[in-house]
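*Asks:* here is a sequence with its predicted model. Questions after.
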Amino acid sequence: MPAVSKGDGMRGLAVFISDIRNCKSKEAEIKRINKELANIRSKFKGDKALDGYSKKKYVCKLLFIFLLGHDIDFGHMEAVNLLSSNKYTEKQIGYLFISVLVNSNSELIRLINNGIKNDLSSRNPTFMCLALHCIANVGSREMAEAFAGEIPRILVAGDTMDSVKQSAALCLLRLYKTSPDLVLMGEWTSRVVHLLNDQHMGVVTAAISLITCLSQKNPDEFKTCVSLAVSRLSRIVSSASTDLQDYTYYFVPAPWLSCKLLRLLQCYPPPEDGAVKGRLVECLETILNKAQEPPKSKKVQHSNAKNAILFEAIALIIHYDSEPNLLVRACNQLGQFLQHRETNLRYLALESMCTLASSEFSHEAVKTHIETVINALKTERDVSVRQRAADLLYAMCDRSNAKQIVAEMLSYLETADYSIREEMVLKVAILAEKYAVDYSWYVDTILNLIRIAGDYVSEEVWYRVIQIVINRDDVQGYAAKTVFEALQAPACHENMVKVGGYILGEFGNLIAGDPRSSPLVQFNLLHSKFHLCSVPTRALLLSAYIKFINLFPETKSTIQEVLRSDSQIRNSDVELQQRAVEYLKLSSIASTDVLATVLEEMPPFPERESSILAKLKKKKGPGAVSSTEQEDGKREGGELNGGGERGADSTIAASNASTPSPSADLLGLRSSGPVSAAPPSAGSLLVDVFSEAGPAAPAAAVNDDGFLSSAPPSVVSEDPAPPMPQSDELLHKFVCKSNGVLFENQLLQIGVKSEYRQNLGRMYLFYGNKTSVQFVSFSTSVTYTGELQSHIHELSLNVQTKPVEPLVEGGAQVQQVINIECLTDFSDAPLLNIKFRYGGALQNLTLKLPVTVNKFFQPTEMVSHDFFQRWKQLSQPQQEAQKIFKASHGMDKEVLKGKRIMENFVCAGVIQTKAQQVGCLLRLEPNAQAQMYRLTLRSSKDTVSKRLCDLLAEQF
């Protein structure tokens, strides 16, 4: 590149940039820019022709203004004219302007292409490089159409300068990635491959990036590159650091080129030519030998370069999987890294050993490091390293060490990060099934798994244990006894109840001889869990009860009494109601023989691929589970039980609707069981949002009124996103409840816990990071919309927020406290905007804060006479709001009471606001025959009546 003379300095540009930097305000900057734009426009439109220097200066100013964030709508033609200049600096500014400001749809693209063609054919290496850089920077399909045939010719021409060859190779790579169908090598293929023999190392480095990309799409066309790559690698590996002095990095010869050569060889199988293969093996052995040598420098750059080559070499050894000696040596080398002080090296070693464990040549060598890997699982501080350790334990497991590995993984599960628990549960279940010789051990393992991590045990896991028990006669009695003992625990997970209900319903007779597990004791134990379970589990238990009538006729009257109860045959859930009615009739009118036929024991399941293995493969993504592993899983599954994809509950099916996976519930808000109010343990990342004593705000941040002193919401630069389409639906879910999950996607979960007293409220928002990557620039803001915004000088709500932590670590949770004061009645809920960056991309979402006017409703006791007297007083048309609507749920008094409506279907209370108290009367009239409701609200303020009526009508 030619040197820039002093005369090329643009004083006018320097003065302009200085003026911009000295501006005291945004307005002053805009004023100065507008003045300069007007001046440039007048110069371009003037009668006097501008010289090249002036054009360059003004175009450079336009480019600087554009980079400041202002739109530029002129000057493009002047930039194109600069391409025809013979001065380097003028041509450079022209190309720079075009690369940044001109898009592929521009009308000037033809003129630009002509300018580029002239430079490519000029044989001036500096101008050719500028043109190639412009093509690569724009990289559009139009550029590919115009120059895809020209650039390969420049790349392989004998008289092309080395610097131009480098630019041509990288430019062609860019065009191939954007438009592969237009970049056809054809006759140039062999000549491009022979660039690997070029004397200039920079050309080889650029060419190998292009060849690697082309080889991945067309391996057969470029297979001749293997021998050339091996030859070049051999010369680099065997050379001393002084031989390649210009390309030696901290005593390591050409590390980047070495890594690229090794990566290219991974696109092909081992060389068939014995001489080439022998030379490559020699190179790999040399790399492994050099890894054992003492370092030539203590600097981290030396070790990084050396280890980069080593790991690429090990990846190639694993890819070939044909040299036992190299595989064992690679395993031993990785074993040394397992205890290295550098976290990245430990991670990479564990990751590479996972692949080595699948090789028959190195599997035994990998197993020798089991204690080190177990120790890493227990003591590593980085969760990603712990996950790789768990993956390696899973990969190295076989019949000889299965019990040890499963026991260690179960032990770790009790304190494992929730982000990897579901995957670990699947792996434990697969290993227990795959290597089970003693089926009682398998049953114990799965039941222990449910006890330790029940929330993360998916349906596939408990389906699978039931399938195995059904298919194995020798384990049925043991399974019934074990699950009966497990159900006696005071706190029993719902998945344990499902397994217990199924197994006792099928095989409870095998343990009924023991007085401690008599039929009535079994039934009472199961029924004691009934009220704590979800609807699908209750449906399964009802099916277990009817099986009990067949197994134990002495329990018939007790079970019929349960089925006959109002809570069953009049249940609001149609599935439970139908089962209760049908099972009651079946037990009443069917003979013993008919019952025995209808309710006979489940037949064995057919042989199919393990559904757990399929779920793990789906969770990890394509290619995560090897074909060998799948075959092993299918074979081992067939030996055990041949379990299938169908659910275990064919006869005792809970319901066709699947329950949402508990693994995604970061906050534990979906749990129907009692929640402990104890503080979370050290191993728990998430707080208990259901504890009776809600998290208190720091005392220093609260003023005398109980509100946070840092009242103003967070200010963010980007505009908030519009409310999400489902924000109204999410809001309506919280009309009659105070706790729960407000929003959830694959990245974020937002939980809510709130409490209200008179016209004051406090809300706790819990933001849970569901990924392993931290959220940065995390911020929230509360804004007003609709009615709240139109009366900004007379706000209906005073919402004060506590700032939230700007950094949310992967798998962690942050809490935000919001204090709310109701000043007067309102209709629209405030908007909650959440912004954060995940992997560099801005995430911007807006929800409605679950604050509705009924939250400030205080009930009032009134006798019947007073209620109807007050009802008649509120008789003006504007004071009443009424809706007649179809029932969304079955009409049941228990349900109505659950919605906080009094048993007599009338309600009285006061909406507490700071400005006034608004008395409200409610009347709900059901028509059970038509499954319709009429809801009537009367209040002393018409807007309150209408809003309450709209809110409550959605709840029935």
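*Replies:* Received it, and whenever you're ready, just let me know what you need. Predicted, not measured: the structure shown is a model, and the values here were computed from it.
*Asks:* which residue is the nearest non-sequential neighbour of residue 492?
*Replies:* Leaving out its chain neighbours, the residue that sits closest to residue 492 by CB to CB, 6 or more residues apart in numbering is residue 529, at 6.3 Å. Every residue, glycine included, has its C-beta placed from N, CA and C.
*Asks:* just residue 488 next, same as before
*Replies:* Nearest to residue 488 is residue 525, by CB to CB, 6+ apart, at 6.7 Å.
*Asks:* residues touching the one you found, list them.
*Replies:* Neighbour list for residue 525: 484, 487, 488 [criterion: CB atoms under 8 Å, 6 or more residues apart in numbering].
*Asks:* which element is the nearest residue to the second one once chain neighbours are set aside on?
*Replies:* Excluding the flanking residues, the one nearest residue 487 by CB to CB, 6+ apart is residue 500, at 4.6 Å. Per DSSP states H and E, residue 500 falls inside helix 494-507.
*Asks:* what stretches of the stretch 501-650 of the chain score poorly on pLDDT?
*Replies:* Where the stretch 501-650 of the chain drops to pLDDT under 70, the residues are 607-650.
*Asks:* ranges for the helices of it?
*Replies:* For the stretch 501-650 of the chain, the helices defined by DSSP state H, counting those that start in this stretch occupy 519-527, 535-551, 556-564, 566-569, 574-589, 592-598, 611-620, 627-640.
*Asks:* name the helices or strands packed onto the longest one?
*Replies:* Looking back up the chat, that one is helix 535-551. helix 494-507, helix 519-527, helix 556-564, helix 574-589, helix 592-598 (3 or more CB pairs under 8 Å, 6 or more residues apart in numbering; DSSP states H and E).
*Asks:* how far off helix 574-589 does that helix point, in degrees?
*Replies:* Angle of helix 535-551 versus helix 574-589, following axes from the mean of the first three to the mean of the last three CA atoms, to 10 degrees, is 10 degrees.
*Asks:* could I have helix 535-551 exported to CSV, CA atoms only?
*Replies:* Output of helix 535-551 as CSV, limited to C-alpha atoms (Å, rounded to 0.1, in the frame of the first residue of the first chain):
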residue,chain,number,x,y,z
VAL,A,535,-56.4,-33.6,37.5
PRO,A,536,-54.5,-36.2,35.3
THR,A,537,-53.1,-37.9,38.4
ARG,A,538,-56.6,-38.0,40.1
ALA,A,539,-57.9,-39.6,36.9
LEU,A,540,-55.2,-42.2,37.1
LEU,A,541,-56.0,-42.9,40.8
LEU,A,542,-59.7,-43.3,40.0
SER,A,543,-58.7,-46.0,37.5
ALA,A,544,-56.6,-47.6,40.2
TYR,A,545,-59.6,-47.6,42.6
ILE,A,546,-61.7,-49.6,40.1
LYS,A,547,-58.8,-52.0,39.6
PHE,A,548,-58.8,-52.4,43.4
ILE,A,549,-62.5,-53.5,43.3
ASN,A,550,-61.5,-56.3,40.9
LEU,A,551,-58.4,-57.3,43.0
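*Asks:* in it, what's buried?
*Replies:* Neighbour-count burial for helix 535-551, with 16 or more other CB atoms under 10 Å as criterion, is recorded at 535-551.
*Asks:* if we can go back for a sec, just confirm the residue nearest to residue 492 contacts residue 498, I think it does.
*Replies:* No - using CB atoms under 8 Å as the test, residue 529 is too far from residue 498 to be in contact (10.1 Å).
*Asks:* hang on, the earlier thing: who touches the residue nearest to residue 492 in this structure?
*Replies:* With the criterion set at CB under 8 Å, 6+ apart, residue 529 makes contact with 487, 492, 497, 541.
*Asks:* nearest spatial neighbour of residue 832, skipping sequence neighbours?
*Replies:* With CB to CB, 6+ apart, the residue lying closest to residue 832 is residue 849, at 4.6 Å.
*Asks:* what's the mean pLDDT across stretch 781-795?
*Replies:* Taken as a whole, stretch 781-795 carries a mean pLDDT of 60.
*Asks:* switch to numbering from 36
*Replies:* Understood, numbering begins at 36; the last thing we discussed is stretch 816-830.
*Asks:* measure that stretch end to end?
*Replies:* Chord length of stretch 816-830, first to last residue, is 17 Å (CA to CA, to the nearest Å).
*Asks:* picking that back up, out of the helices and strands packed on helix 570-586, deepest packed?
*Replies:* A comparison of the helices and strands packed on helix 570-586 by mean neighbour count, using mean count of other CB atoms under 10 Å, puts helix 529-542 on top with a mean of 26.
*Asks:* what sits against the nearest residue to residue 484 once chain neighbours are set aside?
*Replies:* With CB to CB, 6+ apart as the criterion, residue 484 has its nearest non-adjacent residue at 5.6 Å, and that residue is residue 463. Residue 463 makes contact with 441, 444, 445, 448, 480, 484, according to CB under 8 Å, 6+ apart.
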